[in-house]
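**Q** quick one: sequence plus predicted model below, questions after.
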Amino acid sequence: MDYRESHRQEGKGESYQAAFSRNTYRSMIWQFEKNALDHILATFFLDAQIDLLDFACGTGRILNYLSSRTRQAVGVDLSQSMLEVARNNIGKGRIIEADLTREDILGDRKFNLITAFRFFPNAQPELRIQAMRVLSDHLADNGYIVFNNHKNTGSIRNRLARLCGRNEFRGMSLAEINDLLMESNLKVVKVYPLAIFPASEKRPLLPIFLLRPLDSILAWIRPFQNMGENLIFVCRRKMNIGI
């Protein structure tokens, strides 16, 4: 199935948005993601004005959280259902309905912060490449692309599932991430590991008040850092790494 078609059905935007408030595990992960975004801004954009492009912005979760701290913010998605919700979520920012992989309507615009959450591990391989090429084209020379792999095939949960003879989910491996970035001359400069304990939205296994500090502790332990189910990558062009 072409991932482009996955979020276009009527009502998808409302059900997707509701999942982040109704499911306690997903709400916890969203809080971890917000903490990581705060750290990214404080680390890489301390004295910089931010021009943000949120690719596959969906219902505007990331766009809404960051837009008040930007000079300009643009969210792009091809799902009308998702964008109907996004328009009610964001304060500052512009919403564009478009498929940049087929028609790049942004022209020569550049952004020093480009985000893409819950997109790449869901997309088919050829769409991943097409999307990353477009995002790289719109990345300012001193800019960063921030995206997540919320279906890390090397996660503890997925490793345990394979030991039990089950394929827990289709996602991306670290090798696939590296190949994708190499294709667009990008390199990882920081990784934020989240959701390390082998829980899930349907089976959190522990109460959230115990799971939250446990996951925070595991994120500091080096052997576990590549085993988070949700990894947030901060990337920039290879030629700028030493600057």
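**A** On my side now, so go ahead.

**Q** contacting residues for Ala123?
**A** Contacts of Ala123 were listed using Cβ atoms under 8 Å, 6 or more residues apart in numbering, and they are 3, 131. Just so you know, the C-beta spots here come from the backbone N, C-alpha and C atoms, and that holds for glycine as well.

**Q** how about 10 Å then?
**A** Listed by Cβ atoms under 10 Å, 6 or more residues apart in numbering, the contact set of Ala123 reads 2-4, 6, 56, 101, 116, 129-132, 172.

**Q** for Arg237, list each beta-bridge partner.
**A** Note on Arg237: beta-bridge partners Leu186, judged by DSSP bridges.

**Q** is Asp77 bridged to anything, and to what?
**A** Assigned bridge partners for Asp77, using DSSP bridges, are Glu97.

**Q** now it: how far from Asp99?
**A** Distance from Asp77 to Asp99, counting by Cβ to Cβ, to the nearest Å: 9 Å.

**Q** for the contacts of Ala123, give me CSV that also has neighbour count and secondary structure.
**A** Below are the contacts of Ala123 laid out as CSV (neighbours: other Cβ atoms under 10 Å; DSSP: H, G, I helix; E, B strand; the rest coil):
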residue, neighbour count, secondary structure
Asp2, 9, coil
Tyr3, 16, helix
Arg4, 16, helix
Ser6, 12, coil
Ala56, 26, coil
Thr101, 20, coil
Ala116, 22, strand
Ile129, 16, helix
Gln130, 16, helix
Ala131, 23, helix
Met132, 23, helix
Met172, 22, strand
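
**Q** tally of neighbours for Asn64?
**A** 20 (other Cβ atoms under 10 Å).

**Q** who does the helix or strand where it lies touch, helix- and strand-wise?
**A** In this structure, Asn64 sits in helix 61-67 according to DSSP states H and E. Counting contacts by 3 or more Cβ pairs under 10 Å, 6 or more residues apart in numbering; DSSP states H and E, helix 61-67 packs against helix 12-22, helix 24-44, strand 51-55, strand 72-77, helix 80-89, strand 94-97, strand 111-116, strand 139-149.

**Q** how about a cut-off of 8 Å?
**A** On a contact count with 3 or more Cβ pairs under 8 Å, 6 or more residues apart in numbering; DSSP states H and E, helix 61-67 meets helix 24-44, strand 51-55, strand 72-77, helix 80-89, strand 111-116.

**Q** which of those sits closest to Val188?
**A** helix 24-44 (12.9 Å; Cβ to Cβ).

**Q** what's next to the closest one, contact-wise?
**A** Helix 24-44 is contacted from outside by 19-21, 50, 61-62, 65-66, 69, 117, 144, 146, 148, 150, 190, 192, 194-195, 199-201, 204, 208, 211-212, 215-216, 230, 232, 234, using Cβ under 8 Å, 6+ apart.
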